[in-house]
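S.K.: For reference, the sequence and a predicted model appear below.
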Amino acid sequence: MILVTGGAGYIGSHTVRALQEQGFDVVVLDNLVYGHHDIITTLNVPFVEGDVGDRNLLKSILRGEHPATAGSPVQAVLHFAAFAYVGESVANPLRYYSNNVVQSLHLLEAMVAEGRRRAKPIPLVFSSTCATYGIPESDQIPIEESCPQFPINPYGRSKLMVEQFIADFASAHDLPAVVFRYFNAAGAHPDGDLGEHHDPETHLIPLVLDTMAGHRPYLQIYGDDYPTPDGTCIRDYIHVCDLAIAHVLGLQRILSVGQGYEVYNLGNGLGYSVQEVISCAKAVTQCGLLAHVAPRRSGDPAVLVASAAKAMRELGWVPQFTDLHTMIAHAWTWHMQRFVTR
Ligand code: UDP
């Protein structure tokens, strides 16, 4: 049994689907603060509604004593559950440190205790972010895992703190761990039944598509005076299904190796500007949109592009949907389906 925390969220849900396709039994733990119950129904996966920091609940799930586990102890944990709104983290850091850091610490504590009881540590795959790098120097692009980490907001700091204590637990308690630092997750499942659904929505591609579909009056482009060819920020968009496959590969590796601590960047190594995203979305949807240039959003680096060479080399990860057009087309199919059922 594999425990997926945050499995009712965007990246978590696609990973649950990928795990199911590979024949893993999965149980999802999600408090549904930002996750959605309809995703659980779509995934048809055993589900526990609760907090990652709930020690008694964790103990019963890890031991296979919770009814949702059908008696199977948890072999490994994929930990996605977190709050991920940068602006909110600046306004309310306590919410981020208590939810992302303290709750993760409780999860690790429960995993180490259960690992001791079994005399076999429980492997962990942790969902981190390129936000832990902060604003890299231009000579550090594409960003490798060794790039210095100086996050510039509480969200990025909360993820870095968890990375750091996982590394400490890995060396002190032989906790096997894989940490993935994602760049910009995008797209939706090609089947059209899973996709991105944030409330409120702050991400570029869903906002562009929502505007093109007529649900928003205009799009704000946050700054056109960056030192990039068209003046707008450049990001490395990675298809959510490619992220999901990387998690399966990371899990398989850690289950077979059974030890160590490794960090992998996940991106395509290709950057697209905000203007390029808008142009591509116009080509996909055949819809226009009104866009206003607005002031820069604080804390936005000009360029973030990953080097994912390590994940490709060590995990044999080969992203399938590297083309922005495909990512936006999948996202558009999902958006259209949601509008029909809204
Ligand atoms: N962005 C924008 N308008 C929006 C939302 C985002 O111009 O309404 C820009 C943002 O400044 C960044 C890029 O689009 O340069 C991607 O932003 P997103 O929030 O999707 O991801 P982030 O890179 O912040 O994780």
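M.R.: Received the coordinates, thanks.

S.K.: could you measure residue 60 against residue 215, distance?
M.R.: Counting by CB to CB, to the nearest Å, the gap from residue 60 to residue 215 is 42 Å. To be clear about C-beta, it is placed using only N, CA and C from the backbone, and glycine gets the same treatment.

S.K.: More neighbours: which of these two?
M.R.: The residue with more neighbours, out of residue 60 and residue 215 and counting by other CB atoms under 10 Å, is residue 60; that gives 16 against 12.

S.K.: that's a helix at that one, yeah?
M.R.: Yes - with DSSP: H, G, I helix; E, B strand; the rest coil as the criterion, residue 60 is assigned to a helix.

S.K.: Which residue is the nearest non-sequential neighbour of it?
M.R.: Across the structure, with CB to CB, 6 or more residues apart in numbering as the measure, the residue nearest residue 60 apart from its sequence neighbours is residue 66 (4.3 Å).

S.K.: who in the stretch 201-342 of the chain is up against the ligand?
M.R.: Neighbours of the ligand within the stretch 201-342 of the chain, by CB under 6 Å from any ligand atom: 202-204, 207, 219-222, 233, 235, 274, 297, 300.

S.K.: Filter the residues you listed down to the buried ones.
M.R.: By the neighbour-count criterion of 16 or more other CB atoms under 10 Å, these include these buried positions: 204, 207, 219, 221-222, 233, 235, 274, 300.

S.K.: Residue 327 touches residue 239, doesn't it?
M.R.: Yes - here residue 327 reaches residue 239: they are 5.1 Å apart, a contact under CB atoms under 8 Å.

S.K.: so what sits against both of these two?
M.R.: 186-187, 321 (CB atoms under 8 Å, 6 or more residues apart in numbering).

S.K.: Now rank those residues by neighbours and give me the top one.
M.R.: Among these, the one with the most neighbours (other CB under 10 Å) is residue 186, at 29 neighbours.

S.K.: ranges for the strands of the stretch 101-250 of the chain?
M.R.: With DSSP state E, counting those that start in this stretch as the definition, the stretch 101-250 of the chain shows strands at residue ranges 124-129, 177-182, 184-186, 219-222, 234-235, 237-239.

S.K.: Reformat the ones you listed as JSON lines; add mean pLDDT.
M.R.: Supplementary listing: the strands of the stretch 101-250 of the chain in JSON lines, determined by pLDDT from 0 to 100:
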{"stretch": "strand 124-129", "mean pLDDT": "98"}
{"stretch": "strand 177-182", "mean pLDDT": "98"}
{"stretch": "strand 184-186", "mean pLDDT": "98"}
{"stretch": "strand 219-222", "mean pLDDT": "98"}
{"stretch": "strand 234-235", "mean pLDDT": "98"}
{"stretch": "strand 237-239", "mean pLDDT": "98"}
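
S.K.: Which one of the ones you listed lies nearest to residue 11?
M.R.: With CB to CB as the criterion, residue 11 lies closest to strand 184-186 of the strands of the stretch 101-250 of the chain, at 5.6 Å.

S.K.: The closest one and the ligand in contact?
M.R.: Yes - for strand 184-186, a contact with the ligand is found by CB under 6 Å from any ligand atom, at residue 184.

S.K.: Contacts made by that strand with the rest, please.
M.R.: 10-11, 196, 203-205, 235-240, 243, 267, 304, 324, 327-328, 331.

S.K.: which of these are buried?
M.R.: Among the contacts of strand 184-186, those scoring as buried are 10-11, 196, 204-205, 235-240, 243, 267, 304, 324, 327-328, 331 (criterion: 16+ other CB under 10 Å).

S.K.: May I have the phi/psi pair for the residue in the chain that the ligand sits nearest to?
M.R.: For the chain and the ligand, the shortest gap (CB to the nearest ligand atom) falls at residue 233, measuring 3.0 Å. Residue 233 has phi and psi values of phi -70, psi 150 when expressed as degrees, to the nearest 10.

S.K.: Does residue 29 belong to a helix, a strand or coil?
M.R.: In terms of secondary structure, residue 29 is strand; the call rests on three-state DSSP.

S.K.: quick one: residue 293 is in a strand?
M.R.: Yes - applying three-state DSSP, one finds residue 293 inside a strand.

S.K.: Wait, it touches residue 219, no?
M.R.: No - if you go by CB under 8 Å, residue 293 and residue 219 don't touch, sitting 10.1 Å apart.

S.K.: Surely residue 319 is in contact with residue 238?
M.R.: Yes - contact criterion CB under 8 Å: residue 319 and residue 238 qualify, at 6.8 Å.

S.K.: what is in contact with those two at once?
M.R.: Taking CB under 8 Å, 6+ apart as the contact definition, residue 319 and residue 238 share the neighbouring residues residue 268.

S.K.: Show me where the stretch 1-150 of the chain has its helices.
M.R.: Secondary structure of the stretch 1-150 of the chain by DSSP state H, counting those that start in this stretch: the helices cover 10-21, 37-43, 55-62, 86-91, 93-96, 103-118.

S.K.: Could you identify which of those is most buried?
M.R.: Of all the helices of the stretch 1-150 of the chain, helix 10-21 carries the top mean neighbour count, a mean of 24, counting by mean count of other CB atoms under 10 Å.

S.K.: what's whichever helix in the chain runs longest packed up against?
M.R.: For the chain, the helix reaching the highest residue count under DSSP state H is reported as helix 154-173. In terms of contact count using 3 or more CB pairs under 8 Å, 6 or more residues apart in numbering; DSSP states H and E, helix 154-173 is assigned the packing partners helix 86-91, helix 93-96, helix 103-118, strand 124-129, strand 177-182, strand 261-266.
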